[in-house]
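J.: here's my sequence, what's the structure:
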Amino acid sequence: MKQGIHPANYRLVAFKDMSNGEVFISRSTVNTKDTEVVDGVEYPVVKLEISNTSHPFFTGKMKLVDTAGRVDKFMNRYQKHFDNRK
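T.: Have a look, this model is predicted:
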């Protein structure tokens with residue numbers, strides 16, 4: 001590798017899917033203050049809302065992951081339209 005062009009803080013980082021708790025280790029330069037112990041080793045951790053272990057496209061299951069109440073807001077706003085379809 002060419003010297004002096006790569007970031008100095010390129011290290012192993014834990015990425016945690018907050019919807020299902022799945023953790024995977026990868027290399028990254030992301031800055032984070034949180035840490036987590038995985039298999040007895042402490043890693044900096046990046047929290048993700050969704051990853052390939054919880055996304056419906058990769059899992060094959062239609063599961064709604066709603067952390068901000070967006071689905072509830074949508075359903076409340078358009079409920080009368082759904083009721084008229086019956």
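
J.: partners of the helix or strand hosting residue 12 in the sheet?
T.: In the assignment (DSSP states H and E), residue 12 maps to strand 11-17. Strand 11-17 has the following strand partners under DSSP bridges: strand 23-28 (antiparallel), strand 41-48 (parallel).

J.: send the alpha carbons of the last one over as PDB?
T.: Which is strand 41-48. Extracted in PDB, the C-alpha atoms of strand 41-48 (Å, rounded to 0.1, in the frame of the first residue of the first chain):
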ATOM      1  CA  VAL A  41     -13.100  -7.800  23.000                       C
ATOM      2  CA  GLU A  42     -14.200  -4.200  23.400                       C
ATOM      3  CA  TYR A  43     -15.000  -2.400  20.100                       C
ATOM      4  CA  PRO A  44     -16.300   1.000  19.200                       C
ATOM      5  CA  VAL A  45     -20.000   0.500  18.300                       C
ATOM      6  CA  VAL A  46     -22.200   2.200  15.600                       C
ATOM      7  CA  LYS A  47     -25.900   1.800  16.100                       C
ATOM      8  CA  LEU A  48     -28.000   1.100  13.000                       C
END
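
J.: what's the neighbour count on residue 47?
T.: Residue 47 has 12 neighbours, counted by other CB atoms under 10 Å. Any C-beta I mention is one placed from the backbone N, CA and C, and that applies to glycine too.

J.: who is it paired with across the strands?
T.: residue 16.
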